[in-house]
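Colleague: the following comprises the amino acid sequence and a computationally predicted model.
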Amino acid sequence: MRRYVALRGQGQPGQRARPAGLIDEFLPKLEELVERSQGKIRADVAHEKLAALGYAGSPRTTRRAVAVAKRAYRAGHRRVYRPWIPEPGLWLQFDWGQGPRIGGR
């Protein structure tokens with residue numbers, strides 16, 4: 001019971017802290033690779049680059065981390081639909097359709 005009271009005092013009663021992984025110290029470099037490639041880098045290419053820097057983790061761990069980094073990149077660079085609403089007098093609009101004729105023209 002004492003343990004649960006202590007966990008409640010920390011603010012997260014039902015969750016444990018995530019243990020540090022091998023990829024954690026390479027996450028800034030991984031995010032840089034995703035940003036520089038505009039979210040198009042493949043996980044196997046990222047794994048090769050991280051391994052050259054001294055990363056000793058598995059390709060599967062790299063694939064998971066790349067997926068999370070790409071998801072975060074896409075969330076921050078999502079296209080937003082903004083409809084064009086013309087303001088009167090600000091834009092010239094011309095209709096090439098058949099309209100009323102003035103002076104025979």
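Modeller: On my side now, so go ahead.

Colleague: need the next SSE after the host helix or strand of residue 6, C-terminal direction.
Modeller: Assessed by DSSP states H and E, residue 6 sits inside helix 2-10. Sequence order places helix 27-36 as the next helix or strand after helix 2-10, per DSSP H and E.

Colleague: for that next one, packing partners?
Modeller: Here helix 27-36 is seen to pack against helix 43-52, helix 59-76 when contacts are counted using 3 or more Cβ pairs under 8 Å, 6 or more residues apart in numbering; DSSP states H and E. Using the backbone N, CA and C atoms, a C-beta is placed for each residue, glycine as well.

Colleague: by how many degrees do it and helix 59-76 diverge?
Modeller: The directions of helix 27-36 and helix 59-76 differ by 50 degrees, with axes from the mean of the first three to the mean of the last three Cα atoms, to 10 degrees as the criterion.

Colleague: can you give me how far helix 27-36 is from the chain middle?
Modeller: In terms of Cα atoms, centre = their mean, to the nearest Å, the centre of helix 27-36 is set 11 Å apart from its chain centre.

Colleague: flag every buried residue along that helix.
Modeller: 30, 31, 33, 34 (16 or more other Cβ atoms under 10 Å).

Colleague: dump the residue contacts of the second one.
Modeller: Put plainly, it is residue 31. The contact partners of residue 31, taken as Cβ atoms under 8 Å, 6 or more residues apart in numbering, are 69, 72, 73.
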